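Trainee: Model the structure of this input:
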Amino acid sequence: MIRPSSLIRDDEDRLPQFQANANNIRKDSIDCGIRACGWCNGPGCQRLGTATTFLVILSLAGFVQGGIEAYFRVSAHQAANEHDFDPVIVDWLLVTSGISQGVFALLVAYWGNRLHRISWLGGIFMLQAVGLLLLIIPTLTHNSSEPGTIAAIQVDNVCVLEQSAELQIERPWSITTLVLLFVAQAVIGIANIAFYCFGMSYLDDNLKEHQSPGYIGCALATRVWGQQFGLAIVIAVSATSLSWWLGWVILGPIIFILGLLLGLFPKRLLSTLVRQAADDIIETATNNSTQSLDGAGHKWLADISLAPSLKRVFTNGILIFNVLALVFIQTGLLNFNAHEQNYLQSQFFLPTSNVNGLNDEWTSRLITNLLRPPVVALAIVLSGLIIAKANPSPRKLAGWNIFVGLVAVGLFIAFIFISCDNERIAGAYRGRLTKPFCASNCVCPENVPFSPVCPQDGVFTFFSPCHAGCQNRTEINNVVVYTDCSCGVDIEHVLSTPGLATEGSCGSSDCQRYWIIFQVLSVVVSMLLASGLVGKLIISIRAVLPQDKALALSVELTLVGLVVYLPGTAAYQAIAISACQFWSSDQRRCFIHESPFYGTTLNILTAVLIAVGVLFDILVFYFVRDLPLYGDDPEDAYSFRFARPIEMRLITAQARNSSRQTASP
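Mentor: Take a look at the predicted model:
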């Protein structure tokens, strides 16, 4: 025990005696998240347990997590082509992770935070790895020796003069694969909950208030940047003779190892415990020395039960307004991005390929895929560092969100006028796509993807090389040229001498500049909106009690998951269905959407949703005035405007450490 009074024995009667426990760090506060790794509780491992080390490992996990999501989008389409899944089912498969977040976020965040958030963080990442590796089981445990059926398959989109067919194996494990894909997506969503709720709150709890925005910004940025890692895995897998499942053999073990490393961290970092223990000693000693009987030396803790905790966060006006602003903005932005492929087809007549998932990913959207992830990540990092360095007031953060939201609304309205002239497609008649007479000898597949070509001196754009009667394909100076074409200017006559056709619509040369302008501005929109993410997160976790940080972040994931991916997705899909111009023969796929109706409707709806989000940001701006963000006024931390009274219970100094472990592990 520390007894300062013994050091001044001559003045024993002059000052009151006081005492404080110098060994007030509980042993279980520095345990491993994964108890099986208890061997890493020694001094050597504890020295590595710093905020910087945790940030590095969490950032690597976020980087791989972003890669997992990007790879899943491409591999899901490849699996759909291989197993002939319904496109509508695939569309809902791709949003299952978001719906999973909405369903499980509150429960996962509450129980993980109450029990041991580090063990839950590491364990969920390892569980995700197992779920991803399960995807390879159906393919590895079955072979192609089962009886198959014959189905007509066109190898290329060029014209052939006779039907070609190949043996298609009927895969009885297709349903199993589809179920495992849904399970994997659900687990990916739960892993996103762990990364966001546990990772961000752990960083904030183990750093000083003015430092955490920089660390949080770095962690969030790596998850965005990781999308390019996933696309790199796509390229690596496509270079092999194996199928889409090979990527999970790479990504699964990596995320498992990172989850194991995250599980080695304690409930709280040692430096944080030492700092808090020192504060407790000083606080207890000060209270005893002044013989304070007014309870100033005691801490207060709200009820940690589930129902009171949910009531606190859902009745917190600042938190709810801040979350609703983000929900409406993401409803517009995420769903617009999900339909961007169809948007590019409709507005700019860009070719697509549903065969390998690479043409769309790396040529049609070259600028957005190469620039968007790093630019958005850079915006998040810079915003976090600026907040950490300059410590702007909460109203400045909210004001910036209002500004970027208004700019985004203006840009989406401007997108209405950035499009190409409506092309005349040969063979189009009353919403149906028929084969032109000049290509009547060609056997074209029913579901050939939109790959427009333009014949020499042509006026009509042909839907595909096959519809233009082109039999061969070559490249001249990196320009794709189709030869031996039977169609020319007049679609009712067959050319006496085979002609040429170039890839792209007949107005592609004039259209290209509009397409580039759109891509650049879409990157600007994403960058501006991303620059406000760290500020929004800081406002959310400062508007609640420290014990409710993870739960507050889960409220955001819940509302985003239940609004963005359910009514939001349904609304955008309804627009896509109503605006479809050419359906496949089986009515399962839309070849191309009506221009400009489809693009105009998407832009208006997205602008309206972002504008509603800006209205909630204005409410945040009004009520956030007195919210302390950087530990500058701890005594009045919850006295800001619009805060509701919270029933608290007294925690004595002797029970303080135990309470901390229960409320904020």
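Trainee: Quickly find the element holding Thr52.
Mentor: Using DSSP states H and E, Thr52 sits within helix 51-83.
Trainee: how far does that helix sit from the chain's center?
Mentor: Relative to its chain's centre, helix 51-83 lies at 10 Å (Cα atoms, centre = their mean, to the nearest Å).
Trainee: what's downstream of that helix, the next helix or strand?
Mentor: The helix or strand immediately downstream of helix 51-83 is helix 87-94, counting by DSSP H and E.
Trainee: hmm, who's touching that following helix?
Mentor: Contact with helix 87-94 is made by 72-73, 76-77, 80, 85, 178, 181-182, 185, 338, 569, 573, 588-589, as judged by Cβ atoms under 8 Å, 6 or more residues apart in numbering. In this view, the C-beta of every residue, glycine as well, is placed from N, C-alpha and C.
Trainee: Follow the chain on from that helix and name the next helix or strand.
Mentor: helix 96-115.
Trainee: Pull the distance from that following helix to the chain's centre.
Mentor: On the basis of Cα atoms, centre = their mean, helix 96-115 sits 15 Å off its chain's mean C-alpha point.
Trainee: That one: what's the following helix or strand?
Mentor: With DSSP H and E, the next secondary element past helix 96-115 is helix 117-133.
Trainee: hang on, the earlier thing: filter the contacts of helix 87-94 to the buried ones?
Mentor: With neighbours counted by 16 or more other Cβ atoms under 10 Å, the contacts of helix 87-94 contain buried members at 72-73, 76-77, 80, 85, 178, 181, 185, 338, 569, 573, 589.
Trainee: Closest to Asn113 out of these?
Mentor: Closest to Asn113 out of the buried ones among the contacts of helix 87-94 is Gln185 (24.1 Å), distances taken as Cβ to Cβ.
Trainee: In terms of pLDDT, where does Arg649 sit?
Mentor: Note on Arg649: pLDDT of 48.
Trainee: on that earlier part again, could you identify the most distant pair in the buried ones among the contacts of helix 87-94?
Mentor: Among the buried ones among the contacts of helix 87-94, Gln185 and Arg589 lie farthest apart (Cβ to Cβ), at 21.6 Å.
Trainee: re earlier: reformat the buried ones among the contacts of helix 87-94 as JSON lines; add pLDDT and distance to Glu503.
Mentor: Listed next are the buried ones among the contacts of helix 87-94 as JSON lines, based on pLDDT from 0 to 100; distance: Cβ to Cβ, whole Å:
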{"residue": "Phe72", "pLDDT": "93", "distance to Glu503": "29"}
{"residue": "Arg73", "pLDDT": "90", "distance to Glu503": "25"}
{"residue": "Ala76", "pLDDT": "89", "distance to Glu503": "27"}
{"residue": "His77", "pLDDT": "85", "distance to Glu503": "22"}
{"residue": "Ala80", "pLDDT": "84", "distance to Glu503": "25"}
{"residue": "Phe85", "pLDDT": "85", "distance to Glu503": "29"}
{"residue": "Leu178", "pLDDT": "91", "distance to Glu503": "34"}
{"residue": "Leu181", "pLDDT": "94", "distance to Glu503": "33"}
{"residue": "Gln185", "pLDDT": "95", "distance to Glu503": "35"}
{"residue": "Ala338", "pLDDT": "89", "distance to Glu503": "26"}
{"residue": "Thr569", "pLDDT": "92", "distance to Glu503": "32"}
{"residue": "Gln573", "pLDDT": "92", "distance to Glu503": "30"}
{"residue": "Arg589", "pLDDT": "79", "distance to Glu503": "21"}
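Trainee: one step back: quick one: the helix holding Thr52 to helix 117-133, angle?
Mentor: 20 degrees (axes from the mean of the first three to the mean of the last three Cα atoms, to 10 degrees).
Trainee: Next, the angle from helix 51-83 to helix 96-115.
Mentor: 150 degrees.
Trainee: tell me what helix 51-83 is packed against?
Mentor: helix 87-94, helix 117-133, helix 174-193, helix 200-205, helix 212-238, helix 246-262 (3 or more Cβ pairs under 8 Å, 6 or more residues apart in numbering; DSSP states H and E).
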